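Q: whatever this is, show me its structure:
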Amino acid sequence: MISLDTPIGAAPKISKRIIPALKRLGIATIRDLLFHFPSRYEEFPDEQAIADVAAGERATIAGVIQKIAERRTAKGLRMTEATIRDESGAINVIWFNQSFLARTLAIGDHLRLSGKVSRGLRGLSLQNPSYEKIPSSKFQIPSSHGIHTGGLVAIYPETEGITSRWLRFLIKTYLPLGSSLPDPLPPETRSRYDLPEIKEALSRIHFPESRQQAADAEHRFIFEELLLMQLRALRERSRIKQRVAPAIPFAIELIKSFVVSLPFKLTDAQRRAIWEIGRDLARSQPMNRLLEGDVGSGKTVVAAAAALLAVRAGFRVAYMAPTEILARQHYATFGKILAPFHVSVGLRTGSEKKVAGSPNILIGTHALLQKNAVMENLGLAIIDEQHRFGVAQRAALLRQKNAPHFLSMTATPIPRTLALTIYGDLDLSLLDEMPANRKPVITKIISPEKRSEAYRFIRDQVRAGQQVFVICPRIEITEKKPNAKIQPSRAYQQKLLLSEVKTVTDEYKKLSEFIFPDLRIAMLHGRMKPKEKSAAMRQFSDRGADILVSTSVVEVGVDIPNATIMMVEGAERFGLAQLHQFRGRVGRGAAQSYCFLFPTEDGPVSRRLRAVVDAKNGFELAEKDMAIRGPGDLLGDRQWGEPGLILKGITDAKLVREVREEAVALATQSPDLAQYPALASRLVALERTLHLE
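A: Okay, here's the model as predicted:
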């Protein structure tokens with residue numbers, strides 16, 4: 001018996017050959033199919049008589065095929081041509097490169113068609129219209145909408161081999177199964193916010209009779225997804241409050257000594273963040289705080305202050321970084337900053353282990369998550385670039401008898417509304433100031449005709465003693481790219497990696513042999529061994545190379561004060577958050593720094609690249625990014641139930657506030673959600689699949 005949980009491959013009317021394509025879209029079951037929501041709608045006009053259509057307009061007609069045949073044009077194009085007649089007259093219909101229509105449609109078939117009306121030598125015709133067969137019994141009954149023609153027609157996220165037309169057909173076939181879905185939203189919630197029932201919303205989001213119906217259905221699903229996220233955050237907060245963490249005294253005099261020992265002055269934002277973290281550490285409930293700061297705002301120093309408090313209270317600290325390069329850099333930075341306080345620092349990565357005895361602070365990558373690496377007496381866990389680690393990975397770091405305090409950090413600027421939705425289980429500290437001695441990085445978009453001039457400027461800067469990063473463009477493989485919900489195959493990953501390596505080596509060759517043969521150039525890419533990567537970075541940081549050609553591995557956290565130029569090839573292929581991270585790799589010394597964005601294509605500069613140039617800081621850029629693309633580019637590849645919908649909802653501050661109030665009300669009424677079994681079941685399913693990587 002077919003049900004919502006039936007695997008897509010076992011469902012009737014679904015060919016085995018399209019199953020891989022459906023899975024690329026994240027469709028593995030009938031349920032997934034019904035919750036594959038439209039990205040937009042195409043609006044067709046109401047049906048009219050053939051005699052009333054006019055050239056230059058879009059029209060929807062219904063009629064009977066009088067003749068149909070396939071032929072080739074003078075230029076060799078395949079063309080299917082038909083004549084359609086209703087009671088008022090006839091019209092010619094032409095489809096290009098759709099020869100299968102001559103086999104699937106026949107004289108006498110009743111069709112509804114929608115498309116643009118053109119006038120040619122043979123009179124009026126419909127060019128490449130959408131079409132659908134209609135039963136002859138319904139032929140005389142005018143209709144304002146159909147599955148593929150007339151009214152609002154859903155357009156879906158597609159992949160090679162799967163069109164919106166085919167998805168509409170499949171969804172229409174299996175939509176009746178949606179009537180068995182229990183509604184996760186309690187009746188009182190639906191009533192309070194005037195939300196349709198789930199089966200009604202499911203039908204309307206796929207086959208709406210008006211834009212208002214589509215909007216109401218979409219709003220309902222957005223509300224549901226945001227509610228689940230807020231309930232999850234409340235549940236996480238509740239779980240944390242039930243655990244006991246070591247109370248770490250907020251040693252004010254120690255922090256004063258630490259601040260005085262620094263060779264620079266802290267910003268007010270850094271002082272405020274240290275104060276907020278210090279108060280959290282002093283409590284016997286685990287701290288769960290997100291430290292969010294723009295590139296170069298000084299998060300590492302704040303983290304070092306927190307680590308010092310924990311160490312002086314007799315506890316150990318784990319610091320997890322997303323890459324070996326960053327782990328080594330933080331190992332060096334912590335050792336230097338905390339040297340006056342005689343704090344021991346160790347390093348553990350996949351390829352390197354610098355651990356003598358039991359260091360006070362252990363810095364590393366995923367290697368810290370190994371079972372035999374769990375630290376005794378862990379008082380504080382710090383996660384750098386926390387969105388790069390999954391929930392399960394972070395939980396592994398917390399497998400202790402007593403819960404440690406937890407400090408997450410991110411350099412990706414996120415608008416507050418967005419942060420409170422995504423990281424609702426975390427308290428938030430913002431570093432929204434930059435150190436006083438930092439000069440703004442001058443950012444320019446370099447057109448093809450200005451490239452030689454930019455190269456001359458770069459050579460002059462190098463001769464003056466400065467260094468240069470060159471970031472090679474992100475590679476897009478032309479074959480079908482795996483969907484975020486499907487684990488990319490090893491073959492795909494290898495192909496992508498090889499392509500990126502080729503891009504780096506080609507750029508390295510171009511610069512070293514033709515553009516800058518007189519300069520010292522190093523190279524960094526993903527196929528190099530960890531020690532080779534370290535050697536390349538060390539060569540660059542020790543000023544043994546003038547230019548470092550790299551993939552996006554240098555995106556986050558790498559600190560080379562003498563590097564003053566960031567050159568990004570194929571800039572339009574990167575997200576705005578990434579471009580901002582690249583720009584943050586320079587401007588860390590006293591000299592003026594520059595970021596040059598080289599688009600790969602001619603033509604007008606995109607709004608996105610212009611936004612990078614105009615934005616004064618990362619938070620402003622994040623707001624611009626939200627306005628241009630929505631929040632997806634800020635978040636990267638994440639799954640929040642129905643990803644497209646929740647990302648739309650996050651931008652609505654009023655809705656986020658209403659949903660949060662509703663989540664609090666429901667959790668207060670029934671903390672374990674036992675009164676709302678369908679909602680509780682949905683939350684369990686979400687927590688099982690949710691990841692933040």
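Q: in CSV, please show the C-alpha coordinates belonging to stretch 280-297.
A: Coordinates of each C-alpha in stretch 280-297 appear next as CSV, following Å, rounded to 0.1, in the frame of the first residue of the first chain:
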residue,chain,number,x,y,z
ASP,A,280,28.3,33.6,32.7
LEU,A,281,31.4,31.6,33.8
ALA,A,282,30.7,32.5,37.5
ARG,A,283,27.4,30.7,37.4
SER,A,284,27.0,27.0,38.1
GLN,A,285,24.9,26.5,35.0
PRO,A,286,26.8,26.0,31.7
MET,A,287,27.4,29.1,29.7
ASN,A,288,26.2,28.8,26.2
ARG,A,289,27.2,32.0,24.4
LEU,A,290,27.9,33.0,20.8
LEU,A,291,30.6,35.6,20.3
GLU,A,292,29.9,37.2,17.0
GLY,A,293,32.3,39.7,15.6
ASP,A,294,33.4,41.2,12.2
VAL,A,295,36.7,40.1,10.7
GLY,A,296,39.5,41.6,12.7
SER,A,297,37.3,42.7,15.6
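Q: can you give the distance of it from its chain's centre?
A: Here stretch 280-297 is found 24 Å from its chain centre; the criterion is CA atoms, centre = their mean, to the nearest Å.
Q: stretch 659-669 now?
A: Worked out by CA atoms, centre = their mean, stretch 659-669 lies 28 Å from the chain centre.
Q: for that stretch, list every residue counted as buried.
A: Neighbour counts over stretch 659-669 (16 or more other CB atoms under 10 Å) mark 659-660, 662-663, 666-667 as buried. All C-beta atoms are positioned from the backbone trio N, CA, C, and that covers glycine.
Q: tell me which element L347 falls in.
A: Per DSSP states H and E: L347 is located in strand 345-348.
Q: what of Q127?
A: strand 123-133.
Q: tell me which strands that strand pairs with, and in which orientation.
A: Strands that pair with strand 123-133, judged by DSSP bridges, come out as strand 89-96 (parallel), strand 110-120 (antiparallel).
Q: can you list the ones you listed in CSV and add mean neighbour count and mean pLDDT?
A: Shown next, in CSV, are these (neighbours: other CB atoms under 10 Å; pLDDT from 0 to 100):
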stretch, mean neighbour count, mean pLDDT
strand 89-96, 19, 91
strand 110-120, 19, 89
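Q: JSON lines for these, including distance to A214?
A: Below are these laid out as JSON lines (distance: least, CB to CB, whole Å):
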{"stretch": "strand 89-96", "distance to A214": "28"}
{"stretch": "strand 110-120", "distance to A214": "18"}
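Q: quick one, longest strand in the chain?
A: strand 58-72 (DSSP state E).
Q: picking up where we left off before, next structured bit after the strand holding L347?
A: The helix or strand immediately downstream of strand 345-348 is strand 353-354, counting by DSSP H and E.
Q: circling back: would you mark the buried spots in the strand holding Q127?
A: Counting neighbours by 16+ other CB under 10 Å, strand 123-133 gives 124-126, 129-132 as buried.
Q: CA-only coordinates of that strand in CSV, if you can.
A: Output in CSV follows, covering the C-alpha atoms of strand 123-133 (Å, rounded to 0.1, in the frame of the first residue of the first chain):
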residue,chain,number,x,y,z
GLY,A,123,-1.4,34.2,-39.4
LEU,A,124,-1.5,33.9,-35.6
SER,A,125,0.3,31.1,-33.8
LEU,A,126,1.2,30.0,-30.3
GLN,A,127,5.0,29.6,-29.9
ASN,A,128,6.3,26.8,-27.5
PRO,A,129,3.2,27.0,-25.3
SER,A,130,2.6,25.0,-22.1
TYR,A,131,0.0,22.4,-22.6
GLU,A,132,-2.1,19.7,-20.9
LYS,A,133,-4.6,17.2,-22.0
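Q: so for it, mean pLDDT?
A: Across strand 123-133, the average pLDDT comes to 88.
Q: sorry, back to before: for R459, state which of the buried residues of strand 123-133 is nearest.
A: Nearest to R459 out of the buried residues of strand 123-133 is S130 (CB to CB; 56.8 Å).
Q: next one: that closest one from F100, what distance?
A: With distances taken as CB to CB, to the nearest Å, S130 is found 15 Å from F100.
Q: repeat that for V441.
A: On the measure of CB to CB, V441 and F100 end up 55 Å apart.
Q: rewinding a little: save the buried residues of strand 123-133 as CSV, and put in distance to K116 too.
A: Below are the buried residues of strand 123-133 laid out as CSV (distance: CB to CB, whole Å):
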residue, distance to K116
L124, 11
S125, 10
L126, 7
P129, 8
S130, 11
Y131, 14
E132, 17
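Q: out of the residues you listed, who's nearest Y508?
A: Within the buried residues of strand 123-133, proximity to Y508 (CB to CB) peaks at S130, which comes in at 49.7 Å.
Q: in this structure the closest one contacts K116, no?
A: No. Taking contacts as CB atoms under 8 Å, S130 lies outside contact range of K116: 10.8 Å.
Q: so what's in contact with these two at the same time?
A: Counting by CB atoms under 8 Å, 6 or more residues apart in numbering, S130 and K116 have no shared contacts at all.
Q: neighbouring strands of the strand holding L347 in the sheet, and parallel or not?
A: Counting by DSSP bridges, strand 345-348 is paired with strand 353-354 (antiparallel), strand 361-364 (parallel).
Q: residues in contact with the last one: which ones?
A: So that's strand 361-364. By CB under 8 Å, 6+ apart, the residues outside strand 361-364 that reach it are 307, 311, 316-321, 327, 330-331, 334, 338, 343-349, 355, 368, 373, 375.
Q: thinking again about what came up before, ok, the buried residues of stretch 659-669 vs Y676, which is closest?
A: Proximity of those to Y676 (CB to CB) peaks at L666, which lies at 6.6 Å.
Q: still on that earlier bit, tell me which of the strands paired with strand 345-348 approaches E197 most closely.
A: Here strand 361-364 is closest among the strands paired with strand 345-348 (CB to CB), at 50.2 Å.
Q: convert the C-alpha atoms of the closest one to PDB, please.
A: Provided in PDB are the C-alpha atoms of strand 361-364 (Å, rounded to 0.1, in the frame of the first residue of the first chain):
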ATOM      1  CA  ILE A 361      44.700  24.800  27.100                       C
ATOM      2  CA  LEU A 362      44.500  22.200  24.300                       C
ATOM      3  CA  ILE A 363      44.000  23.600  20.800                       C
ATOM      4  CA  GLY A 364      43.100  21.400  17.900                       C
END
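Q: distance between it and the chain's centre?
A: 29 Å.
Q: about what we covered before: which one's more surrounded, V441 and F100?
A: V441 (21 against 12; other CB atoms under 10 Å).
Q: how near is the more buried one to T159?
A: Note on V441: its distance to T159, by CB to CB, is 39 Å.
Q: which SS state does the nearest residue to K241 once chain neighbours are set aside fall under?
A: Nearest residue to K241, sequence neighbours excluded (CB to CB, 6 or more residues apart in numbering): Q285, at 5.6 Å. Recorded secondary structure, Q285: coil (DSSP: H, G, I helix; E, B strand; the rest coil).
Q: domain parsing for the protein?
A: Following automatic domain parsing, one gets these domains for the chain: 1-39+164-174, 42-155, 224-241+649-689, 252-431, 442-615.
Q: can you say which of the ones you listed is nearest to L202?
A: Per CB to CB, nearest to L202 of the domains of the chain: domain 1-39+164-174, 6.2 Å.
Q: and among the strands paired with strand 345-348, the most buried is which?
A: strand 361-364 (a mean of 27; mean count of other CB atoms under 10 Å).
Q: let me know the average pLDDT across it.
A: Mean predicted confidence for strand 361-364 is 92.
Q: residues near the residue nearest to K241, how many?
A: Neighbours of Q285 (other CB under 10 Å): 15.
Q: could you tell me the end-to-end distance of stretch 192-211?
A: 22 Å (CA to CA, to the nearest Å).
Q: other residues contacting it?
A: 34, 37-38, 41, 43, 144-145, 147, 151-152, 154, 168, 171-172, 175, 178-179, 181-185, 189-190, 213-214, 216-221, 223, 658, 662.
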